[in-house]
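**Q** Based on what follows, work out the 3D shape:
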Amino acid sequence: MIEIENISLTYGHGKSAVRPLNGVSCKIEKGEAFGIVGESGCGKSSLLRCIGGLERGWEGRISIGGSEISHSRKAHEMRVVQMVFQDPYGTLHPRHTVGTALFEPLRAQGMPRSVEIVEKALSDVGLSPSFRTRYPHQLSGGQRQRVAIARALIVGPDVVLLDEPTSALDVSVQAEILNLLSELRKLKNLTYILVSHDLAVTAHMCNRLVVMNSGKIVEELTGNDLRNNNNHHPYTRELIESSQRYKRAA
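**A** Predicted coordinates:
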């Protein structure tokens, strides 16, 4: 579904230049849940932004569904890839109702708009039609993230990019959102790319994953490899040990 070849990204020039991505390559199959893990600043979210069309200064090659994508994409190309962000409150306009938020991507894509389409999108994520008239401040964190997922899916994408989709939620709500995402992937045959600091979440959600460090992929693992601590790169071992120490401390 997705082929990424030698992707590099640089901010700035000369001595002040920062290079969040430095020659990243990987392939993601259709219908797969693919994970990206690593410490903050390793390039995970930068790679998502390149795939999603939010960055234009990258070098290399990205192909989605067999078609090579350009740095500046047209509306129908943007429809193929949608993104769910980390903060469900910050991505929803505080003065727009849920219905308005779900109408907006349809309008941007020139697609038919109706109350029925919005209510179906809400139903798909486990919310009743009455949520259409509510505002973000009237929703819980989990409900806001369900709206954000509905907004991403309402245009019918093939690929959904998940940037820490549960990190801003209470622990009690995280499992509900993860289970919802898993069900929707199977139901709609979606391809996921999940960025997460939580190794347990990644192992649960993803068939395969890559470990990133300093803008590069240092190791590729399966979900079982991560669960069974079957890894080879020193950075991966350090990442897993740090995660385990954090959980014990908590």
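**Q** How about the secondary structure of the residue nearest the centre of the chain?
**A** In the chain, the residue lying closest to the centroid (Cα atoms, centre = their mean) is residue 162, at 1.4 Å. Going by DSSP: H, G, I helix; E, B strand; the rest coil, the secondary structure assigned to residue 162 is strand.
**Q** just checking, it touches residue 191?
**A** No: Residue 162 lies out of contact with residue 191 (Cβ atoms under 8 Å); the separation is 11.0 Å. Every residue, glycine included, has its C-beta placed from N, CA and C.
**Q** how about residue 13, phi and psi?
**A** Dihedral pair for residue 13: phi -140, psi 160, per degrees, to the nearest 10.
**Q** Need the per-residue pLDDT for it.
**A** Per-residue pLDDT puts residue 13 at 85.
**Q** try residue 241
**A** On the pLDDT scale, residue 241 gets 83.
**Q** Could you do residue 78 as well?
**A** Reported pLDDT for residue 78: 85.
**Q** what do you get for residue 133?
**A** 96.
**Q** and the helix or strand where residue 146 lies, which residues are buried?
**A** Using DSSP states H and E, residue 146 falls within helix 141-153. Neighbour-count burial for helix 141-153, counted by 16 or more other Cβ atoms under 10 Å, picks out 141-153.
**Q** Would you reformat these as CSV and include distance to residue 200?
**A** Shown next, in CSV, are the buried residues of helix 141-153 (distance: Cβ to Cβ, whole Å):
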residue, distance to residue 200
141, 20
142, 19
143, 24
144, 23
145, 19
146, 22
147, 26
148, 22
149, 21
150, 26
151, 27
152, 24
153, 25
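**Q** List the contacts of the longest helix anywhere in the chain.
**A** Longest helix of the chain, by residue count under DSSP state H: helix 171-188. Contact with helix 171-188 is made by 31, 33, 124-126, 140-142, 145-146, 149, 153, 160, 162, 165-166, 169, 190-192, 201, 204-205, as judged by Cβ atoms under 8 Å, 6 or more residues apart in numbering.
**Q** Let me see the ranges of the helices in the chain.
**A** Under DSSP H, the chain gives helices at 44-52, 75-80, 98-108, 115-124, 141-153, 171-188, 199-205, 223-227, 234-249.
**Q** Settle this for me: residue 118 is touching residue 132, isn't it.
**A** Yes: the pair residue 118 / residue 132 is scored as a contact, 5.7 Å apart, by Cβ under 8 Å.
**Q** The two: which is more packed in?
**A** residue 118 (23 against 20; other Cβ atoms under 10 Å).
**Q** For the more buried one, which residues are in contact?
**A** Residue 118 touches 99, 102, 103, 132, 154, counting by Cβ under 8 Å, 6+ apart.
**Q** With residue 187 as the reference, measure out to the first one.
**A** With the distance defined as Cβ to Cβ, to the nearest Å, residue 99 ends up 23 Å from residue 187.
**Q** tally of neighbours for residue 140?
**A** Going by other Cβ under 10 Å, the residues that sit close to residue 140 add up to 12.
**Q** Chain neighbours aside, what residue packs nearest to it?
**A** Nearest non-adjacent residue to residue 140, counting by Cβ to Cβ, 6 or more residues apart in numbering: residue 173, 7.5 Å away.
**Q** give me the number of residues near the one you found?
**A** Residue 173 has 17 nearby residues by other Cβ under 10 Å.
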